[in-house]
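Colleague: Build me a model from this:
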Amino acid sequence: MQVSGLEAFLGAGLTDSGLNERLRAWYHQLSLPDFTYECQRVHRNSRDNLKRLRNLIQALFERHGCLLVLRVDLGYSQEYGAWIDYETARHHRERLCQQFHTNDLFAHQLGYAWKLEWGMEKGFHYHFVFFFDANRRKEPVTLNERIGELWAQSITGKQGTYRNCNRNAENIY
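Modeller: Numbers count the residues shown, from 1 in each chain. Modelled structure (predicted):
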């Protein structure tokens, strides 16, 4: 039996009345003041994060003549993605960030930003942007690949995957 993404999310095998019940319960939760407050808090945090990122980028450009910018998406293979919980994803991100101080891959790193997302098919995954001194670091595609491999092999114990967003970036972004 094949289950669609919606059925998997809602619960396979729900009857029409069961589905209606679940939808009524969700609708009720959506109308609660706590939910509205939480939505406003998330929106406010998102707006503040964007402002801080813009300030970081502006400060980096003011201090450095040339930046090497890398974007890499870090996630989990289909085999493991559904089983990775928030705490595990957070732990992996923290392990990656610890590498900034000891791993030569991150020599001449000037800053970074990340965003955690969750998707039904991908599970938890991160979008990272790294800023390096372009006068001291070259080869963005290779450096991005090496960071992705560090994530996929060492940080996540071979449960991770990555997307090198700098490869063919001029045609995609």
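
Colleague: so what's residue 111 bridging to?
Modeller: Here residue 111 shows beta-bridge partners residue 131, assigned using DSSP bridges.

Colleague: give the contact list for it.
Modeller: With contact taken as Cβ atoms under 8 Å, 6 or more residues apart in numbering, residue 111 is in contact with 56, 60, 130, 131. Where C-beta positions appear, they are placed from N, C-alpha and C, glycine not excepted.

Colleague: okay but the last one is in contact with residue 100, surely?
Modeller: If I follow you right, that is residue 131. No - with contact defined as Cβ atoms under 8 Å, residue 131 does not count as touching residue 100 (11.9 Å).

Colleague: coming back round to it: please identify which of the contacts of residue 111 is nearest to residue 154.
Modeller: residue 130 (17.0 Å; Cβ to Cβ).

Colleague: now the contacts of residue 111 in JSON lines, with distance to residue 119 and pLDDT?
Modeller: Shown next, in JSON lines, are the contacts of residue 111 (distance: Cβ to Cβ, whole Å; pLDDT from 0 to 100):
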{"residue": "56", "distance to residue 119": "26", "pLDDT": "95"}
{"residue": "60", "distance to residue 119": "30", "pLDDT": "96"}
{"residue": "130", "distance to residue 119": "22", "pLDDT": "97"}
{"residue": "131", "distance to residue 119": "26", "pLDDT": "97"}
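
Colleague: and these as TSV, adding neighbour count and distance to residue 28?
Modeller: Shown next, in TSV, are those (neighbours: other Cβ atoms under 10 Å; distance: Cβ to Cβ, whole Å):
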residue	neighbour count	distance to residue 28
56	16	41
60	16	47
130	25	43
131	20	45
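
Colleague: now, which of these sits nearest residue 163?
Modeller: Checking those one by one against residue 163 (Cβ to Cβ), the nearest turns out to be residue 130, at 14.1 Å.

Colleague: how about the strands in this protein?
Modeller: Secondary structure of the chain (DSSP state E): strands at 67-76, 109-119, 123-133, 160-164.

Colleague: any chance you could read off phi and psi for residue 82?
Modeller: phi -70, psi -20 (degrees, to the nearest 10).

Colleague: Can you get me a residue count around it?
Modeller: When neighbours are defined as other Cβ atoms under 10 Å, residue 82 has 12 of them.

Colleague: Would you mind confirming that it makes contact with residue 123?
Modeller: Yes - counting by Cβ under 8 Å, residue 82 does reach residue 123; the two are 5.6 Å apart.
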